[in-house]
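J.: Predicted model and sequence follow; I will ask about them next.
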Amino acid sequence: MNLEQLKENTLYQPLLLGVVALLASASLAWAASATRDAISAAEAKDLRDSLAQVLPDNFADNDLLADSAQVEVEGGKSLTVYRARQGESTKGAVFKVSGKGYGGEIAILMAVDRDGKTLGVRVLKHTETPGLGDKIEASKADWIKSFDGKSLETARWAVKKDGGDFDQFAGATITPRAVVNAVKGGLETFASHRLAILGEAETSPALAKNKEQ
Amino acid sequence: MSDFKTLMKDGLWDNNVVFAQMLALCPTMAVTTSGTNGLGMGLATTAVLVVSNILVSLIRKTVSDQVRIPVFVVIIATLVTVVDMALNAWLHELYKVLGLFIALIVVNCAILGRAEAFAVKSSIPASIVDGLAMGLGFTGALTVIGLIREFLGSGTLFAQASNLLGPSFAFLEVQVPGYGGALLMILPPGAFAVLGFLLAGKRVLDARLEARSAAAAAPASA
């Protein structure tokens, strides 16, 4: 029986499809295992670069990626925090927050020192309008650095149009408003879960001293 | 040999995916916000197109007419997924720029179109040349549209090209000093406008060339 006759057989079609699907899955599985290590290394490098951006130089002497923890926050969600340490003492924490911008979600990475002061903020991912809303990127404008050093008490957390301390952009108010609110939310989360985020027990020396007084 | 020459000319100009067949306009519009993006997307598409043409040509005698479309779709989808993972692993900087669009290659009708219209009826070498020609034609079109939009829209040329081609190509990056850019060209309407002008330009050029060759042929025949 030659191939042309075989092709007319009803069984030929499903068998052919099955073989093709099997070969396709096999090659996908092979490709996935061949690239897995390189992809996770590249993603870890991305994260490490972002972490280095939000922290001042020489702020921490530990590997933040190896020092992460899950902290329970409002609404049963868990927040991944990376702790920055100098020797034994925890100097601050880095975590992600997100805001609802004009074009979708804005993913933000922020670092807070142990007193609730912002160390640095960077936008990781956004879909805002190019040329208008993308001034939230550190590579496009210095605006994102206006958060540095601010804490909940020392700034009015709103854009100027809403009576706050932070500039909006010409033609784009929703984007900076979303970022300001997200960072403010992050600071509030930090304030209410401070010990858990810093990874310290209730009886830290400072707190015990307070109780004695 | 002259066959391959015709194939090359077809892919690059006469039957260009974007400018003549008007296929694959979705990725064309979406990624051409800069020359580098256009180039990267074009090269990734070319790679998929060449390999998919090879595979389709390889199995053209085995695959039956009734199930050929699903078979081609599975092959193309697999290839795109592999390219997606490979870029993510080894060209991560570029992947961060193009990542969203790589998956779009699956629905690039030009690839299924070449499988159906060419590779399924042709030998492997011819299919390779066809895939290369069509892919490079697509790459050229995307790069040109991207460069024009980037130049008018943000006043740069080949920004971030060193992410794609390596640091030694940093000299390609040009910045026009003191030009803020016309935002419209980066936004979707800019893509339609640039494509429209380029299509019109190609038509005019083709008509001129035809008139000239007709004029050159006339005295010879007389």
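T.: Yes, it's here. Numbers count the residues shown, from 1 in each chain, chains lettered A, B, ... in the order given.
J.: part of a strand, is A:Ala107?
T.: Yes: counting by DSSP: H, G, I helix; E, B strand; the rest coil, A:Ala107 is located in a strand.
J.: Geometrically speaking, which residue is the centre of chain B?
T.: B:Phe138 (1.7 Å; C-alpha atoms, centre = their mean).
J.: quick one: which helix or strand includes it?
T.: helix B:124-154 (DSSP states H and E).
J.: Next, the buried residues of that helix.
T.: Using 16 or more other C-beta atoms under 10 Å in any protein chain shown as the test for burial, helix B:124-154 gives B:126-154. No exception for glycine: its C-beta is placed from N, CA and C like everyone else's.
J.: Contacts only, for A:Ala38.
T.: B:89-90 (C-beta atoms under 8 Å, 6 or more residues apart in numbering or on different chains).
J.: Next: the one 4 residues further on.
T.: By C-beta under 8 Å, 6+ apart, the contact list for A:Ala42 reads B:88-89, B:92.
J.: Does the helix or strand that comes right after the helix holding B:Phe138 reach chain A?
T.: Sequence-wise, the next helix or strand downstream of helix B:124-154 (DSSP H and E) is strand B:156-157. No: using C-beta under 8 Å from any C-beta of the partner chain, strand B:156-157 stays clear of chain A, coming no nearer than 12.6 Å.
J.: Tell me the residues on chain B that lie near chain A, please.
T.: B:33, B:61-64, B:66-67, B:70-71, B:74-75, B:77-78, B:81-82, B:85-86, B:88-90, B:92, B:96, B:153-154, B:181, B:183, B:186-187.
J.: Next one: B:Glu150 from chain A, what distance?
T.: B:Glu150 sits 11 Å away from chain A, going by C-beta to the nearest C-beta, to the nearest Å.
J.: Would you mind confirming that that residue makes contact with B:Thr156?
T.: Yes: B:Glu150 lies in contact with B:Thr156 (C-beta atoms under 8 Å); the separation is 5.8 Å.
J.: list residues touching both of these two?
T.: B:Ser34.
J.: pretty sure the residue nearest to the centre of chain B is touching B:Phe19, no?
T.: No: if you go by C-beta under 8 Å, B:Phe138 and B:Phe19 don't touch, sitting 9.7 Å apart.
J.: Name the residues of stretch A:73-87 that are buried.
T.: For stretch A:73-87, a neighbour-count test (16+ other C-beta under 10 Å) marks A:73, A:79, A:81-85 as buried.
J.: Which neighbouring elements make contact with the least confident helix or strand in chain B by mean pLDDT?
T.: When the helices and strands of chain B are scored by mean pLDDT, DSSP states H and E, helix B:161-165 comes last with a mean of 74. For helix B:161-165, the packing partners by 3 or more C-beta pairs under 8 Å, 6 or more residues apart in numbering or on different chains; DSSP states H and E come out as helix B:35-58, helix B:92-102.
J.: ok, so what distance separates B:Ser213 from chain A?
T.: Counting by C-beta to the nearest C-beta, the gap from B:Ser213 to chain A is 44 Å.
J.: Okay, and the beta partners of the closest residue to A:Val180 other than its chain neighbours?
T.: Spatially, and ignoring its direct neighbours in sequence, A:Val180 is nearest to A:Phe166 (5.2 Å; C-beta to C-beta, 6 or more residues apart in numbering or on different chains). Beta bridges link A:Phe166 to A:Val159 when assigned by DSSP bridges.
J.: residue contacts, A:Phe166?
T.: Here A:Phe166 is in contact with A:146-147, A:155, A:157-160, A:176, A:180 (C-beta under 8 Å, 6+ apart).
J.: Buried among those? Make that a ChimeraX selection.
T.: Per 16+ other C-beta under 10 Å, the buried members of the contacts of A:Phe166 correspond to this ChimeraX selection:
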select /A:146,147,155,157,158,159,176,180
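J.: Closest one of the contacts of A:Phe166 to chain B?
T.: Nearest to chain B among those is A:Pro176, at 17.6 Å by C-beta to the nearest C-beta.
J.: isn't there a helix covering that closest one?
T.: Yes: counting by three-state DSSP, one finds A:Pro176 located in a helix.
J.: Would you mind confirming that it is in contact with A:Ile136?
T.: Yes: using C-beta under 8 Å, A:Pro176 is in contact with A:Ile136, at 6.8 Å.
J.: Now list whatever residues contact both of the two.
T.: Common neighbours of A:Pro176 and A:Ile136 (criterion: C-beta under 8 Å, 6+ apart): A:Trp143.
J.: how big is the angle separating the top helix by length along chain A from helix B:35-58?
T.: The residue-count maximum for a helix in chain A (DSSP state H) belongs to helix A:12-54. When axes from the mean of the first three to the mean of the last three C-alpha atoms, to 10 degrees is applied, the directions of helix A:12-54 and helix B:35-58 differ by 160 degrees.
J.: If you average the pLDDT over the helix or strand following helix A:12-54, what comes out?
T.: Once helix A:12-54 ends, the next helix or strand along the chain (criterion: DSSP H and E) is strand A:68-72. Averaged across strand A:68-72, pLDDT comes to 84.
J.: Residues touching strand A:68-72, excluding its own?
T.: Outside strand A:68-72, the residues that reach it (C-beta under 8 Å, 6+ apart) are A:78-83, A:193, A:196-197, A:199.
J.: Keeping just the C-alphas, turn that strand into PDB.
T.: What follows is strand A:68-72, C-alpha atoms only, in PDB (Å, rounded to 0.1, in the frame of the first residue of the first chain):
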ATOM      1  CA  SER A  68      13.100  37.300  51.700                       C
ATOM      2  CA  ALA A  69      10.000  36.500  53.700                       C
ATOM      3  CA  GLN A  70       6.200  36.300  53.200                       C
ATOM      4  CA  VAL A  71       4.200  38.600  55.400                       C
ATOM      5  CA  GLU A  72       0.500  38.400  55.900                       C
END
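J.: List the buried residues for it?
T.: Neighbour counts over strand A:68-72 (16+ other C-beta under 10 Å) mark A:68, A:71 as buried.
J.: Could you spell out the sheet neighbours of the following helix or strand past it, each with its direction?
T.: Following strand A:68-72 in sequence order, the next helix or strand is strand A:78-86 (DSSP H and E). Here strand A:78-86 is paired, per DSSP bridges, with strand A:68-72 (antiparallel), strand A:89-100 (antiparallel).
J.: Quick one: distance of the first one to the chain centre.
T.: Taking C-alpha atoms, centre = their mean, to the nearest Å, one finds the center of strand A:68-72 at 13 Å from the center of the full chain.
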